[in-house]
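Student: My questions are about this predicted structure, shown below with the sequence.
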Amino acid sequence: MFRVVERVLTYRKASDQTISFVLGLREHLKSGSMDKAHKAAGTFSESPVAKVVAAGIHAYQTGETAKHSKGPADIGDFDIVDSVNRAVDRVKEREGSTLRKGLAGLGTVATITPFIGLFGTVIGIMTAFQSISDKGNATLDTVGPHIAEALFATAIGLVAAVPAVMAYNYFVRRIRVLRSEMDTFEQDYLNIIKRHFLH
């Protein structure tokens, strides 16, 4: 339960900060104000999109500094666009792993608990049949308590599994949305960088 609450809060912060960050980002990038965009990205520490953009801007600024300090002829095959792309991809992978934190355990709970309930059901039914064999009759008093235990085990398994499955699917969808936003802004930023180098 703690993990579910923690993930809900994490994804909510990530989404809220991403929305706030994105509102001003495009204008900063269109105007070519990389410093403002980088500063804005640093203020949204919970937004994976802000981290991706910050990594791209840092790689770009590092490349520009190298170009101006050493001279274009000394750079050789160094490609700023490729450097930015690699930096952004590294951060995207790291942020993707951070977003998926804890989901494996939740997926395991969602998968295993129905089987645990089924196991309890099987044990209950076996006990009921054993009771019939021992007492020689199949009255409700003989098998009723054991059947009730079996159904209770099934219910417990489902009570644990259903919320876990719902939470897991919800979290996977939220991660997919955040990854899509990271991909979108990666492409937007790379297009701006490419236009800069083409002109």
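Tutor: Arrived safely. Here the structure is a predicted model, which means the values were calculated and not measured. Numbering: from 1, shown residues only.

Student: which other helices and strands contact the longest helix along the chain?
Tutor: If each helix of the chain is counted by residues according to DSSP state H, the longest one is helix 140-198. Helix 140-198 sits against helix 2-30, helix 48-70, helix 80-99, helix 103-135, with contacts defined as 3 or more CB pairs under 8 Å, 6 or more residues apart in numbering; DSSP states H and E. Any C-beta I mention is one placed from the backbone N, CA and C, and that applies to glycine too.

Student: what's the residue closest to the geometric middle of this protein?
Tutor: Nearest residue to the geometric centre of the chain (CA atoms, centre = their mean): Leu99, 3.1 Å.

Student: Per-residue pLDDT of the residue lying farthest from the centre of the chain, please?
Tutor: Summary for the chain: using CA atoms, centre = their mean, the residue whose C-alpha lies farthest from the chain's mean C-alpha position is Gly136, with a distance of 56.8 Å. Per-residue confidence (pLDDT) for Gly136: 72.

Student: Arg176 too?
Tutor: With respect to pLDDT, Arg176 has a value of 90.

Student: And for it, the neighbour number?
Tutor: Arg176 is surrounded by 11 other residues when neighbours are defined as other CB atoms under 10 Å.

Student: ok, so what distance separates Ile125 from Val109?
Tutor: Computed as CB to CB, to the nearest Å, the Ile125 to Val109 distance reads 25 Å.

Student: More neighbours: those two, which one.
Tutor: The residue with more neighbours, out of Ile125 and Val109, is Val109; 19 against 16, by other CB under 10 Å.

Student: got the contact list for Ala110?
Tutor: Ala161, Ala164, Val165, Tyr168 (CB atoms under 8 Å, 6 or more residues apart in numbering).

Student: And the closest residue to Ala155 other than its chain neighbours, how far from Ala160?
Tutor: The shortest distance from Ala155 to any residue other than its chain neighbours is 7.3 Å, reached at Gly117 (CB to CB, 6 or more residues apart in numbering). For Gly117, the distance to Ala160 under the criterion CB to CB works out to 8 Å.

Student: Of these two, which one has the most company?
Tutor: Between Gly117 and Ala160, counting by other CB under 10 Å, Gly117 is the more crowded of the two (22 against 17).

Student: The more buried one contacts Phe152, correct?
Tutor: No: taking CB atoms under 8 Å as the contact criterion, Gly117 and Phe152 are not neighbours in contact, 9.2 Å apart.
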